[in-house]
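**Student:** how would this look folded up:
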Amino acid sequence: MSIVTKTGDAGETGLLYGGRVSKDDLHTEAYGSLDEAISALGLARALEAQKARAERILELQRELFVVGAELATGAGHRAELERHFNVVTPQMVDALDAQVRDLEAQVPLPEGFVVPGGTPVGAAIDLARTLVRRAERRAVALRRAGELENAEVLRYLNRCSDLLFMLARAAEHGAITPTGGARRS
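**Tutor:** Predicted coordinates for the structure are as follows:
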C-alpha cells in the first residue's frame with residue numbers, strides 16, 4: 001500500500017461520507033483548515049514542557065478529529081457517520097466552557113490586543129487558534145449551504161478558539177492548565 005493513490009490528480013478528493021468533491025469544496029476548505037490547526041497544536045505540544053498542558057493539547061487534537069469527521073461528511077450522510085464515529089455533542093462544548101472558566105480564574109485577561117509570540121508554545125497555540133477561526137468561518141458557510149447538519153460543530157469551534165486563546169495566555173504566564181472534562185470544585 002502506498003500514500004500515492006493518484007486519485008486526487010484531477011483536483012478531486014473523497015469525503016469521509018458523501019462521495020468525491022472538488023479540492024476547493026466547502027467541506028475540504030473546512031476540514032483542511034482544521035487539519036492545519038491540528039498540526040499547529042502538534043507543534044505546540046512538541047514544544048510544551050508542562051505535562052498537563054501538553055496532555056490537554058493532545059486531547060484537543062483528538063477532539064478536532066471528531067469535528068473534522070463531521071466537516072468531511074456530506075449532507076444526508078450523517079447516519080453513516082454516527083454509526084462509525086463519535087460526533088460533536090453539547091457536552092463537548094460544555095467541557096470547553098468549563099476549561100475556559102478555569103483558565104480565566106488563573107490567568108488575567110489582557111487589557112489590550114495580544115501580539116502573538118510571547119513564548120514559542122503560546123505562539124503555536126495562537127496560530128492554531130487562528131486556524132480554528134478559519135475552520136469556523138468555513139463551517140458557517142457549510143451550514144448556510146445546508147451541508148452541515150450538526151449546529152454543535154459551530155458552537156464547538158467557537159468555544160475551542162476561546163480555549164486556545166486562554167491556553168496561549170496560560171503558556172505565556174506559566175499557569176497550570178486544567179485537563180479535559182468537568183469543572184473542578
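**Student:** what comes up buried for stretch 124-131?
**Tutor:** 124-131 (16 or more other C-beta atoms under 10 Å). C-beta coordinates here come from the backbone N, C-alpha and C atoms, glycine included.
**Student:** Then stretch 51-59?
**Tutor:** Across stretch 51-59, burial judged by 16+ other C-beta under 10 Å covers 53-54, 56-57.
**Student:** and what of stretch 102-121?
**Tutor:** 102-103, 107, 119, 121.
**Student:** Among the buried residues of stretch 124-131, name the ones in helices.
**Tutor:** In helices, judged by DSSP state H, the following of the buried residues of stretch 124-131 are found: 124-131.
**Student:** hang on, the earlier thing: will you turn the buried residues of stretch 124-131 into CSV that also has pLDDT and distance to residue 6?
**Tutor:** What follows is the buried residues of stretch 124-131, written out as CSV (pLDDT from 0 to 100; distance: C-beta to C-beta, whole Å):
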residue, pLDDT, distance to residue 6
124, 97, 33
125, 97, 36
126, 97, 37
127, 97, 32
128, 98, 31
129, 98, 35
130, 97, 33
131, 98, 28
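**Student:** would you turn those residues into CSV with distance to residue 64?
**Tutor:** Formatted as CSV, the buried residues of stretch 124-131 follow (distance: C-beta to C-beta, whole Å):
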residue, distance to residue 64
124, 15
125, 13
126, 16
127, 14
128, 9
129, 12
130, 14
131, 10
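**Student:** re the thing from before, which of the buried residues of stretch 102-121 sits closest to residue 65?
**Tutor:** residue 121 (21.3 Å; C-beta to C-beta).
**Student:** ok, residues contacting the one helix or strand residue 27 maps to?
**Tutor:** Assigned by DSSP states H and E, residue 27 belongs to helix 26-47. With C-beta atoms under 8 Å, 6 or more residues apart in numbering as the test, helix 26-47 has contacts from 13, 15, 18, 21-22, 54, 57-58, 60-61, 64-65, 67-68, 71-74, 120-121, 124-125, 127-129, 131-132, 134-135, 138-139, 141-142, 145, 147, 171.
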